[in-house]
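Undergrad: Pasting the sequence and the predicted model now:
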Amino acid sequence: NGYRSQRETMFLVSTQLQGRVGVAQKAIRVPCSKQLHSASRSPNSAARAVASVVDRVMTEATFSKEVNDACRAVRLASKLCQRVQKELGQSERVEKQDDSPVTVADYGAQAVVAWVLSRAAPHERLSMVAEEDSASLRQESGRAMLLRITELINSVITTEDAAAHLSPEEVLELIDLGDSAGGPSGRHWVLDPIDGTRGFVGMRQYSVCLGMLNDGEVKLGVLGCPNLPQGEISDDAGGEGAMGRAGDSDVGCLFLAHKGQGAYAAPLWDESAEPVRVHVASVSDFSLAKMMESVESRHSNHSVTAKVAREAGVVLPPLRMDSQVKYGLLSRGDAPRVFMRFPPPTYREKIWDHAAGVVIVEEAGGKVTDALGDPLDFSKGRYLDTMKKGIIAAPAALHGQLVKAVRAVLEREEAHHHKH
């Protein structure tokens, strides 16, 4: 069967890493809340299993402990998200300022990730650049949602620590640990608790995305993709039926990467499975490649994407998927794929929408730049304000050709605009 063979190819063959990363580790040491860490104890057997399997493949990683911690955090947050997507009710959605829907899972996943990372380094104050803050939950109108979030979090964290229990006030404190400004110095975690919130609400694809900056450079990334098949991807895998297969043994993917140590994939729900090295597809002909883009066109111009695809020689129909799932698919290389995103001129790209996915693709042998071919700069704070025109990701052999196609299309678009 197709899924079985793909799964065996992807997950049951392992390779060892070679190479060394020499990076000075920095952290801002600040006394942290005693309440949040009072229940801190050594990791349970599942956590130790995660550490051992990751350590076996990342034998010389400077930040191997952080990769382990990130995998645990993303898996636990993904578990919460999966529960909520199945139970999603209209009353549990609120509207963000930019009109994208946020669910209780957004807040819950952020708090769960902050909880795992805080416990993993109890003597440091967590610095995390994340999407959510607790302002709406602190209002009287948000109290019911806060209690719901707290209940969900406690039901999930007990799988990590049977004695763990958080109060609503502790949950608010955890959410607000995501208020870091990031920047060029020190260590900062970068989190999108649910990337693809519209996909999440629409029962489609979404991902939990966690990266780590060290002195302005993304050093590691982990993606949890609860609805992504481990095997063959059909053209409708990004549609509303995605959630219907959640929970199947061959659905749910974890992608992880460490700078200089390669990119890996593993089944999301099997913590004892050894991650397997992944590489982008080796291809130099665009006629064999499938172009990926967002399902909705709110933050990406599908018309420009289609024109660039034609210019480059892409002939296959696009694969539309929400979230950084697209970066994961590009990295695992089971089919040749490219990803393009052309947001409106007024839209500000956030670093949490790309940090984890970019390092995973690059460690898998791909290349990710802005639309004009320049590197993305994650050291400028919470936004990618130096990014020009959009973002493109592709196998290295195709990337240069794609940049040329983008430039040609954008030049024609600008000439047409000036003419009229």
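TA: Now that the structure is in, tell me what you want to look at.
Undergrad: Number of residues surrounding Ala163?
TA: 8 (other CB atoms under 10 Å). Yep, even glycine has a C-beta here, placed from its N, CA and C like the rest.
Undergrad: Tell me which other helices or strands the helix or strand hosting Gln85 touches.
TA: Following DSSP states H and E, one finds Gln85 within helix 64-87. Other helices and strands packing on helix 64-87, by 3 or more CB pairs under 8 Å, 6 or more residues apart in numbering; DSSP states H and E, are helix 45-57, helix 104-120, helix 143-157, strand 187-195, strand 207-214, strand 217-229, strand 251-258.
Undergrad: now the second one: how far from the chain's centre is it?
TA: What separates the centre of helix 104-120 from the centre of its chain is 14 Å, taken as CA atoms, centre = their mean, to the nearest Å.
Undergrad: same check, this time on the fourth one
TA: If you compare the mean C-alpha spot of strand 187-195 with that of the full chain, they lie 8 Å apart, counting by CA atoms, centre = their mean.
Undergrad: Out of the helices and strands packed on helix 64-87, which gets nearest to Leu76?
TA: Closest approach to Leu76 among the helices and strands packed on helix 64-87 (CB to CB): helix 104-120, 5.2 Å.
Undergrad: Check which element follows the closest one along the chain.
TA: strand 128-130.
Undergrad: Sort out which residues of that following strand are buried, please.
TA: Under the neighbour-count criterion of 16 or more other CB atoms under 10 Å, strand 128-130 has 128-130 buried.
Undergrad: CSV for the residues you listed, including pLDDT and distance to Ser300?
TA: What follows is the buried residues of strand 128-130, written out as CSV (pLDDT from 0 to 100; distance: CB to CB, whole Å):
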residue, pLDDT, distance to Ser300
Met128, 98, 26
Val129, 98, 22
Ala130, 97, 22
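Undergrad: tell me which of those is nearest to Phe378?
TA: Once CB to CB is applied, the member of the buried residues of strand 128-130 that ends up nearest Phe378 is Val129, at 9.4 Å.
Undergrad: Look up how far Thr369 lies from the closest one.
TA: Using CB to CB, to the nearest Å, Val129 is found at 21 Å from Thr369.
Undergrad: start to end distance for stretch 347-366?
TA: 25 Å (CA to CA, to the nearest Å).
Undergrad: List the buried residues in that stretch.
TA: Buried, per 16+ other CB under 10 Å, within stretch 347-366: 349-366.
Undergrad: still on that earlier bit, tell me which residues in the helix holding Gln85 are buried?
TA: 64, 66-82, 84-85.
Undergrad: chain center to it, what's the gap?
TA: 11 Å.
Undergrad: low-scoring stretches of the stretch 201-350 of the chain, by residue?
TA: Within the stretch 201-350 of the chain, the segments meeting pLDDT under 70 span 299.
Undergrad: which stretches of it form strands?
TA: 207-214, 217-229, 251-258, 262-267, 276-278, 290-293, 319-320, 337-341 (DSSP state E, counting those that start in this stretch).
Undergrad: can you put those strands in a markdown table and add mean neighbour count?
TA: Output for the strands of the stretch 201-350 of the chain, formatted as a markdown table (neighbours: other CB atoms under 10 Å):
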| stretch | mean neighbour count |
| --- | --- |
| strand 207-214 | 29 |
| strand 217-229 | 28 |
| strand 251-258 | 28 |
| strand 262-267 | 26 |
| strand 276-278 | 20 |
| strand 290-293 | 23 |
| strand 319-320 | 20 |
| strand 337-341 | 27 |
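Undergrad: Output these in JSON lines, with distance to Ser331 appended to each entry.
TA: Converted to JSON lines, these look like this (distance: least, CB to CB, whole Å):
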{"stretch": "strand 207-214", "distance to Ser331": "13"}
{"stretch": "strand 217-229", "distance to Ser331": "9"}
{"stretch": "strand 251-258", "distance to Ser331": "6"}
{"stretch": "strand 262-267", "distance to Ser331": "5"}
{"stretch": "strand 276-278", "distance to Ser331": "5"}
{"stretch": "strand 290-293", "distance to Ser331": "12"}
{"stretch": "strand 319-320", "distance to Ser331": "15"}
{"stretch": "strand 337-341", "distance to Ser331": "9"}
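Undergrad: closest to Thr197 out of those strands?
TA: Of the strands of the stretch 201-350 of the chain, nearest to Thr197 by CB to CB is strand 207-214, at 10.8 Å.
Undergrad: Could you spell out the sheet neighbours of that closest one, each with its direction?
TA: Using DSSP bridges, the strands paired with strand 207-214 are strand 187-195 (antiparallel), strand 217-229 (antiparallel).
Undergrad: The helix holding Gln85 vs helix 104-120, what angle?
TA: 160 degrees (axes from the mean of the first three to the mean of the last three CA atoms, to 10 degrees).
Undergrad: how much does helix 64-87 deviate in direction from strand 262-267?
TA: For helix 64-87 against strand 262-267, the angle between stretch directions is 40 degrees (the same axes, to 10 degrees).
Undergrad: could you dump helix 64-87 to CSV, C-alpha only?
TA: The C-alpha trace of helix 64-87 is given here as CSV (Å, rounded to 0.1, in the frame of the first residue of the first chain):
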residue,chain,number,x,y,z
SER,A,64,20.7,19.0,21.5
LYS,A,65,19.0,19.5,24.8
GLU,A,66,17.0,22.4,23.4
VAL,A,67,16.0,20.3,20.4
ASN,A,68,14.8,17.6,22.8
ASP,A,69,12.9,20.2,24.8
ALA,A,70,11.4,21.7,21.7
CYS,A,71,10.2,18.3,20.5
ARG,A,72,8.5,17.6,23.8
ALA,A,73,6.9,21.1,23.8
VAL,A,74,5.6,20.8,20.3
ARG,A,75,4.2,17.3,20.7
LEU,A,76,2.4,18.3,23.9
ALA,A,77,1.0,21.4,22.3
SER,A,78,-0.1,19.4,19.2
LYS,A,79,-2.0,17.0,21.5
LEU,A,80,-3.9,19.9,23.0
CYS,A,81,-4.6,21.4,19.5
GLN,A,82,-5.9,18.1,18.1
ARG,A,83,-8.3,17.7,21.0
VAL,A,84,-9.6,21.2,20.5
GLN,A,85,-10.0,21.0,16.7
LYS,A,86,-12.2,17.9,17.2
GLU,A,87,-14.4,19.8,19.7
